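Student: Structure of the sequence below:
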Amino acid sequence: MTHERLIAPHERPEVADAVSVRRMARELLLAGQGEALDALFINRDDQEEPRTGLGSAQWLMQQLIAPWLEEARLMELLRGWVAECPQSYHAWLVLGAAWGQTAARIRSARCANQVGRSQWIGAGLARDHAVACFLQALACDPRGRQAWHRLFRVTCYLGEPQWLLDQQVGKVPDAYPDTDGHDELIWQAGLAHVATLGGALQQIPSLPACLAPRLPHEFEDGKIYWLRQALAVSPNDLDLLGDYLYFLYPRWGGSHEQMQGFIDGPICTGLTEAQRNDLRELKENDWIGMIDDSEDAEDIAQVRESLDALLASDLLPETRARALRAYSRHLAYQARTEVDGEVCWNKAEMQRVYAMLVEMFELMPYAFAERSLYTLEQCVAHAGIEDSADLMRRCLELEELLHNDACALLWLDVARQCDAFGLAGDAPLAAGCRETRFDLALRMAEAHGTDVGQHAFNLYDGIDSDAGIALFERLIARGHAGAMLVYSGELSPDAPPTKRGRAVPDAARSAALLEQAAAADHPVALCNWGLRRAKAFYNDGCPEARAEALRCYRRVNDVALPHEEAWSYAMKTLVRMLWEGAPEEQHEAVHTVLVRIWLQDDADLEAWASRFFADAFLSGIGVAVNRWLASVWLERACEREPDDPDVADLQGRLQMKGEWLGGLRWRRAVERDRHQIDPVAYALTFGEAPPNPDAG
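Tutor: Predicted coordinates:
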């Protein structure tokens, strides 16, 4: 299969046109010229065969809701467009897309069981705004493909609003928003996620006439209903079918068998073989993504066999690019090994990776940066592969115009400063333009959860120390807590020599940066600064240092999620420090922090908490001594970690091993304590009040 080589994609006419129309759209939005903006969108939207590439209405919508402005300001401008043009399909569509993006940001990309309750509330409120906007868009144009598609996607991802379902069965919706069943503090925390963006939806919209009645089974599975509606106006829409297939992944309650049945079923009969292969690639990518970094030889062979078969089939350019991306990522992972702490690369395999990246760039240059820049960095910067096709330069030249990827913009900034990758200096750009580009990169990184502090370290440690230091300093000047944390470690006199590059150790600045990062509520910085202050207390007996350490560890509970390593470290350390404190601190350790750890539904955390609860009831720390409750907690610890030496030690203490008549005494003590439990201690252990012996 051969493809035309794209020598300079950044010079192609469609790129210049796209950049021009993006600038025009943003200027019109800022100027409040809604009618002119609407006309621009209409001009770019072909209803019969909608354009989806550069410069299309769909692309332009993504550019308007990209983080080129602060989120609150962007929402204000989009609401102004709707107010000026209330009958504009595109105005409602773009506002809905912005709300959908906000809902996804609030919910985060974490697994559902790692999303906090206030996040679910905030995401649901933003989802309601998005759904309301898309319904308004359909009232303006019932054949609006994007509105149907986005309604499908947001309701699959975050569920359907109850007020929508109520209206579809002829019921008057309940008062909105519905706060029943929510703790008041958690509800207010959820509402705070959207407070600066306009708050909760003010008025529930009426449903547009174009919404067909639901079949009974479509109330049970909303995605079937929205797919039927969307396909009615956009038959064989591959993007839509791909999204439906995604929500058949096992993690969404589906299965690979269901996915294959859908591909082979009646809905997809109108597709070409290449289009069906696009869906097959999406299906295969689910399990490949789960095991492509496996070290098991059978897994590796299975991944490569599947990808080889895909690449040998009839594929659309986009599909082939996705398969190449998966293959190059897999090979790059397998090519990297560590021997005695030193990273080694299999250059022959990385040369294969580079060849795949070259073909990817030829196939899909405009999406390359956000998909594969990191893999290209591994090839060129770490594995020492010659960039014979000038991929880095060509990618960054294109990214300078398209602004798809935060890390690419940061790479570009460094390359322009250091004349790297064949890119000339930034002289033609005014300083203000450079700062605007840097600001955009930071907003994009924040919106997409990109760790720019780690990016700066990769540059510093693997490519150019001076350029990395310059990037650290720019990020620190903007108050970037992650960069402060990482650079603090590099400035520490304790940093390993091989990791220090050219940074001059500076203990005072290292401490100051770490303290600043902790003050900015970076969870890891809070842990590290708390550790420093705890060491100061244990070394010098300074009570202020201990109080500061406790404050840091308590604060982590507010700014980190329980599945994060910083959270578990902070909570465990907090328990240990409070264990040694005054009675009120011991009470906090047992009744607040240990309970918090125990309730996380994590086997390791449960085992750890069980041991400490057992110790508390054995030693009378935060609770009255009660050997029966200690035995209950110790049994729980044994179930989870039967071979733990700490559990064996606690078992010996409980059973008074080595003491005179220890066995007899501990059995009597357990039986006595079983009948002498205060209600608080019982509830702490069993989560409910003790049974009433006088009842019945």
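Student: how about the spatially closest residue to P161 that is not a sequence neighbour, what does it touch?
Tutor: Excluding its sequence neighbours, the residue lying closest to P161 (CB to CB, 6 or more residues apart in numbering) is D128, at 5.1 Å. Every residue, glycine included, has its C-beta placed from N, CA and C. Residues near D128 by CB atoms under 8 Å, 6 or more residues apart in numbering: P161, W163, Y176, P177, A200, L201.
Student: In helices only, show me the residues you listed.
Tutor: Using DSSP state H, W163 are the members of the contacts of D128 that sit in helices.
Student: Looking at the contacts of D128, which gets the smallest pLDDT?
Tutor: pLDDT across the contacts of D128 is lowest for P177, at 84.
Student: Next, count neighbours for the residue nearest to it when sequence neighbours are not counted.
Tutor: Excluding the flanking residues, the one nearest P177 by CB to CB, 6+ apart is A200, at 4.8 Å. Per other CB atoms under 10 Å, the neighbour tally for A200 reads 18.
Student: show me the contacts for A200.
Tutor: Here A200 is in contact with L125, D128, Y176, P177, L191, V194 (CB under 8 Å, 6+ apart).
Student: do the same with R329
Tutor: The neighbourhood of R329, defined by CB under 8 Å, 6+ apart, consists of D292, S372, T375.
Student: how about the helices of the stretch 301-450 of the chain, start to end?
Tutor: Secondary structure of the stretch 301-450 of the chain, counting by DSSP state H, counting those that start in this stretch: helices at 317-335, 347-363, 368-377, 391-402, 406-418, 431-448.
Student: Tell me which of those helices lies nearest to G468.
Tutor: Nearest of the helices of the stretch 301-450 of the chain to G468, taken as CB to CB: helix 406-418 at 8.1 Å.
Student: mind exporting that closest one as PDB, just the C-alpha atoms?
Tutor: Taking Å, rounded to 0.1, in the frame of the first residue of the first chain, the C-alpha atoms of helix 406-418 are listed here in PDB:
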ATOM      1  CA  ALA A 406      -0.200  20.900  24.800                       C
ATOM      2  CA  CYS A 407       3.100  19.000  24.900                       C
ATOM      3  CA  ALA A 408       3.700  19.700  21.200                       C
ATOM      4  CA  LEU A 409       3.300  23.400  21.900                       C
ATOM      5  CA  LEU A 410       5.800  23.200  24.800                       C
ATOM      6  CA  TRP A 411       8.200  21.300  22.600                       C
ATOM      7  CA  LEU A 412       7.800  24.000  20.000                       C
ATOM      8  CA  ASP A 413       8.500  26.700  22.500                       C
ATOM      9  CA  VAL A 414      11.700  25.000  23.600                       C
ATOM     10  CA  ALA A 415      12.800  24.200  20.000                       C
ATOM     11  CA  ARG A 416      12.300  27.800  19.000                       C
ATOM     12  CA  GLN A 417      14.500  28.900  21.900                       C
ATOM     13  CA  CYS A 418      17.200  26.400  21.300                       C
END
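Student: before we move on, the earlier item: and which of the contacts of D128 is nearest R322?
Tutor: Among the contacts of D128, P161 lies closest to R322 (CB to CB), at 32.8 Å.
Student: and that closest one, how many neighbours?
Tutor: By other CB under 10 Å, neighbour count at P161 equals 23.
Student: again with W287
Tutor: Number of residues near W287 (other CB under 10 Å) recorded here: 16.
Student: How about it: what's its closest non-neighbour residue?
Tutor: If the residues on either side of it in the chain are set aside, W287 comes closest to H256, at 6.9 Å by CB to CB, 6+ apart.
Student: chain center to stretch 69-86: distance?
Tutor: A distance of 26 Å separates the centroid of the chain from that of stretch 69-86, by CA atoms, centre = their mean, to the nearest Å.
Student: got the buried residues for it?
Tutor: Neighbour-count burial for stretch 69-86, counted by 16 or more other CB atoms under 10 Å, picks out L69, E71, L74, M75, L77, L78, W81, V82, C85.
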